[in-house]
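In: give me coordinates for this.
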Amino acid sequence: MFSVDRLRALAAVAAHGSIARAAAALHITPSGLSQQLAKLEREAGHALLEPQGRSVRITHAGRVLAAHADRVLAQLAAAETDLHDLHDEVLGPLRIGGVGSAVRTLLPQALDSLTAAHPRLRPTVHD
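Out: You can find the predicted model right below:
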């Protein structure tokens, strides 16, 4: 199992093109970032970076794992947003029941307004 911090380190190197710039973006030392990447390489069982002059180049295995890291980090960010929104936003399922005439005449406009104001609300109607 890869740690989120190590995946974030690889994603940062892929995005910034160097260990020094990635370390600066993550607010850690280049040495600390290199240690995280070395551990990730051992866990992955593949070389993720190759020396290229005074810089590094991401290997094919590194690009594959970096793409997965981007998706994992995006999902984690979405989860954090969803949890934060629980405090501020109306979201989730809403079941509405009613008699046919009221459902047909009153509900369409009310649902339009409700879903416009709260796009993450998922109403279902039962007649």
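
In: please state the offset of the longest helix along the chain from the chain centre?
Out: Scanning the chain for the helix with the most residues, using DSSP state H, yields helix 60-88. Centre-to-centre, helix 60-88 and its host chain are 2 Å apart (CA atoms, centre = their mean, to the nearest Å).

In: also stretch 79-98?
Out: With CA atoms, centre = their mean as the basis, the mean position of stretch 79-98 lies at 19 Å from the chain mean.

In: any idea how far apart the tips of it sit?
Out: Length of stretch 79-98, first residue to last, CA to CA, to the nearest Å: 34 Å.

In: what of stretch 46-59?
Out: Across stretch 46-59, first to last residue, CA to CA, it's 9 Å.

In: hmm, back to that, for the longest helix of the chain, packing partners?
Out: When contacts are defined as 3 or more CB pairs under 8 Å, 6 or more residues apart in numbering; DSSP states H and E, helix 60-88 sits against helix 4-16, helix 30-44. C-beta here means a position set from N, CA and C on the backbone, and glycine is covered the same way.

In: list of residues touching the first one?
Out: Same thing as helix 4-16. Contact with helix 4-16 is made by 19, 22-23, 25-26, 33, 36-37, 39-40, 43, 48-49, 56, 58, 62-63, 65-66, 68-70, 72-73, 76, as judged by CB atoms under 8 Å, 6 or more residues apart in numbering.

In: which among the residues you listed end up buried?
Out: Neighbour-count burial (16 or more other CB atoms under 10 Å) applied to the contacts of helix 4-16 gives 19, 22-23, 26, 33, 36-37, 40, 48-49, 56, 58, 62, 65-66, 69, 72.

In: circling back to that earlier point, got the helices and strands packed on helix 60-88 as JSON lines, with distance to residue 87 and mean pLDDT columns?
Out: Converted to JSON lines, these look like this (distance: least, CB to CB, whole Å; pLDDT from 0 to 100):
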{"stretch": "helix 4-16", "distance to residue 87": "23", "mean pLDDT": "97"}
{"stretch": "helix 30-44", "distance to residue 87": "32", "mean pLDDT": "97"}
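
In: what's the closest of these to residue 101?
Out: When these are compared by CB to CB, helix 4-16 sits nearest residue 101, at 53.6 Å.
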